[in-house]
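return a 3D structure for these sequence lines:
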Amino acid sequence: MVDLSTTYMGLPLKHPVVASASPLSESVDGIKRLEDAGAAAIVMFSLFEEQLQHESEAFDHLTTSGTESFAESLTYFPMVEDYHVGPDRYLDLIRRATEACDIPVIASLNGITDRGWTDIARQMQEAGAKGIELNVYYIPADLGMTGREVEDRYVDVLTAVKRSVTVPVAMKLSPFFSAMGDMARRLDTAGADALVLFNRFYQPDFDLEKLEVKSNLNLSASTEMRLPLLWIAVLHGRIRPSLAATTGVHAAEDVVKYLMAGADAVMSTSALLKHGPGFVATLVDGVTAWMERRGYSGVQQMKGSMSQANVADPTAFERANYIKMLESYKSDYVL
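Here you go, the predicted structure:
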């Protein structure tokens with residue numbers, strides 16, 4: 001029998017499939033359904049920074065800076081009256097969920113500054129969260145802001161939270177850094193216990209009849225896993241933090257690919273929203289069957305086996321592969 005166990009951000013997991021932040025974790029019942037379906041760990045839906053700041057002097061600044069955006073499977077950052085749950089109820093949910101579940105429950109904070117996060121992070125730990133995922137969902141719409149200033153924002157948030165808690169802290173990243181490798185190293189130095197690759201940025205659309213900016217949600221597709229697959233393969237074995245894959249996980253083969261790139265955990269939201277919590281078992285069973293057919297004894301044996309450090313041609317992850325793909329396409333269609 002294959003050994004599916006893995007370790008993510010220092011937490012032992014029975015297998016790599018984790019339910020990432022979504023509306024499915026907005027209640028104890030929903031969290032229990034995910035555990036009963038077989039999830040190895042659960043990242044709770046996000047508590048927004050705006051929920052922590054709306055009574056402070058900083059609230060006006062936070063709600064008017066940048067552009068509209070939204071995280072995980074929710075819509076745009078909601079107005080105060082639209083929040084599903086406030087900080088107190090979120091902490092209570094952590095307490096009840098951790099008492100009801102035997103698997104790790106990871107809290108999620110979503111925001112753009114380090115103000116107010118340290119206190120709530122400490123309270124999340126005290127409430128029983130086994131880890132904290134930081135989602136700095138930030139679109140730098142200020143044309144005067146430099147790339148380094150954007151990177152500093154992530155590092156500052158991580159540093160502040162790490163000072164206030166002892167549980168492991170993960171940083172959920174966007175793919176839009178000019179030097180992803182250097183950014184990963186900076187977060188490693190700042191103490192990140194895991195990097196989650198990648199956050200999906202949901203761009204607004206236009207309603208041409210009403211002439212309004214509108215939001216609509218499209219669930220991910222397997223084809224979207226190519227970018228996180230690339231960077232997990234590049235980073236595996238070269239930085240200390242665990243690597244979690246998120247985006248495009250719709251089949252057992254997607255989980256296998258991420259593991260072979262070097263992921264310690266593989267997270268899914270869209271597939272679970274589409275098929276229900278029971279799809280976790282479909283993914284796990286599919287991975288088990290694939291490993292048995294191929295003769296793998298455990299996840300540790302396959303993890304990172306196709307990372308840049310371990311493949312026969314490491315240039316396949318760089319410019320050489322780009323040239324090969326273009327040449328292949330051209331030769332297929334030349335008359």
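
quick one, helices of this protein?
28-37, 49-53, 59-64, 87-100, 117-127, 147-164, 180-189, 226-235, 252-261, 270-275, 279-294, 299-302, 319-333 (DSSP state H).

okay if I get those as CSV plus mean pLDDT, distance to residue 18 and mean neighbour count?
(C-beta placed from N, C-alpha, C; glycine too.) Output for those, formatted as CSV (pLDDT from 0 to 100; distance: least, C-beta to C-beta, whole Å; neighbours: other C-beta atoms under 10 Å):
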stretch, mean pLDDT, distance to residue 18, mean neighbour count
helix 28-37, 97, 10, 18
helix 49-53, 66, 23, 22
helix 59-64, 46, 29, 13
helix 87-100, 95, 15, 17
helix 117-127, 92, 18, 19
helix 147-164, 92, 20, 17
helix 180-189, 97, 20, 17
helix 226-235, 95, 14, 21
helix 252-261, 97, 10, 23
helix 270-275, 92, 11, 19
helix 279-294, 97, 9, 17
helix 299-302, 96, 13, 17
helix 319-333, 55, 29, 10
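
could I get those helices as CSV with distance to residue 139?
CSV is the format used below for these (distance: least, C-beta to C-beta, whole Å):
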stretch, distance to residue 139
helix 28-37, 29
helix 49-53, 14
helix 59-64, 13
helix 87-100, 24
helix 117-127, 19
helix 147-164, 10
helix 180-189, 16
helix 226-235, 18
helix 252-261, 26
helix 270-275, 21
helix 279-294, 31
helix 299-302, 35
helix 319-333, 27
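
residue 2: which of the ones you listed is closest?
Taking C-beta to C-beta, helix 279-294 is the member of the helices of the chain nearest to residue 2, at 4.6 Å.

the closest one: how far from the chain's middle?
Relative to its parent chain, helix 279-294 has a centroid offset of 22 Å by C-alpha atoms, centre = their mean, to the nearest Å.

over to stretch 163-171?
In terms of C-alpha atoms, centre = their mean, the centre of stretch 163-171 is set 16 Å apart from its chain centre.

show me which positions of it end up buried.
164-165, 167-171 (16 or more other C-beta atoms under 10 Å).

now these as CSV including distance to residue 36?
CSV is the format used below for the buried residues of stretch 163-171 (distance: C-beta to C-beta, whole Å):
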residue, distance to residue 36
164, 33
165, 29
167, 24
168, 25
169, 28
170, 24
171, 29
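
can you give me every residue that contacts residue 5?
12-15, 298-299 (C-beta atoms under 8 Å, 6 or more residues apart in numbering).

just the ones of those residues in strands?
12-13 (DSSP state E).

out of the contacts of residue 5, who's nearest residue 177?
Closest approach between the contacts of residue 5 and residue 177, by C-beta to C-beta: residue 13, at 27.6 Å.

my guess is that closest one contacts residue 3, does it?
No: contact criterion C-beta atoms under 8 Å: residue 13 and residue 3 do not qualify, at 11.9 Å.

tell me which of these two has more neighbours.
Ranked by neighbour count (other C-beta atoms under 10 Å), residue 13 and residue 3 place residue 13 first, with 21 against 14.

what residue is smack in the middle of this structure?
Geometric centre of the chain, nearest residue: residue 196, 4.2 Å, by C-alpha atoms, centre = their mean.

how far away is that one from residue 151?
Counting by C-beta to C-beta, to the nearest Å, the separation of residue 196 from residue 151 is 17 Å.

before we move on, what about residue 302?
Applying C-beta to C-beta to residue 302 and residue 151 gives a distance of 33 Å.

swap in residue 33?
Distance, residue 33 to residue 151, by C-beta to C-beta: 38 Å.

swap in residue 211?
36 Å.

and residue 42, what pLDDT?
With respect to pLDDT, residue 42 has a value of 98.

I'd guessed it sits against residue 103; true?
Yes: between residue 42 and residue 103 there is a contact under C-beta under 8 Å: 6.6 Å.

would you map out the domains in the chain?
The chain breaks down into these domains under automatic domain parsing: 6-304, 308-335.

coming back round to it: now flag whichever of the contacts of residue 5 is closest to residue 238.
Checking those against residue 238 with C-beta to C-beta, the nearest one is residue 299 at 19.7 Å.

any idea how far the closest one lies from residue 156?
Distance, residue 299 to residue 156, by C-beta to C-beta: 34 Å.

about what we covered before: so which of the buried residues of stretch 163-171 belong to strands?
Filtering the buried residues of stretch 163-171 for strands - DSSP E - leaves 169-171.

any idea which of these is the one closest to residue 254?
Closest to residue 254, out of all of these and judged by C-beta to C-beta, is residue 170, at 20.2 Å.

show me what contacts the closest residue to that closest one other than its chain neighbours?
Leaving aside its sequence neighbours, residue 170 sits nearest to residue 194 (C-beta to C-beta, 6 or more residues apart in numbering; 3.7 Å). By C-beta under 8 Å, 6+ apart, the residues touching residue 194 are 8-9, 131, 168-171, 241-244, 264-265.

list the beta-bridge partners for residue 194.
With DSSP bridges applied, residue 194 shows beta-bridge pairing to residue 170, residue 242.

just the pLDDT for it.
So, for residue 194, pLDDT stands at 98.

roughly how far does residue 192 sit from residue 289?
Counting by C-beta to C-beta, the gap from residue 192 to residue 289 is 34 Å.
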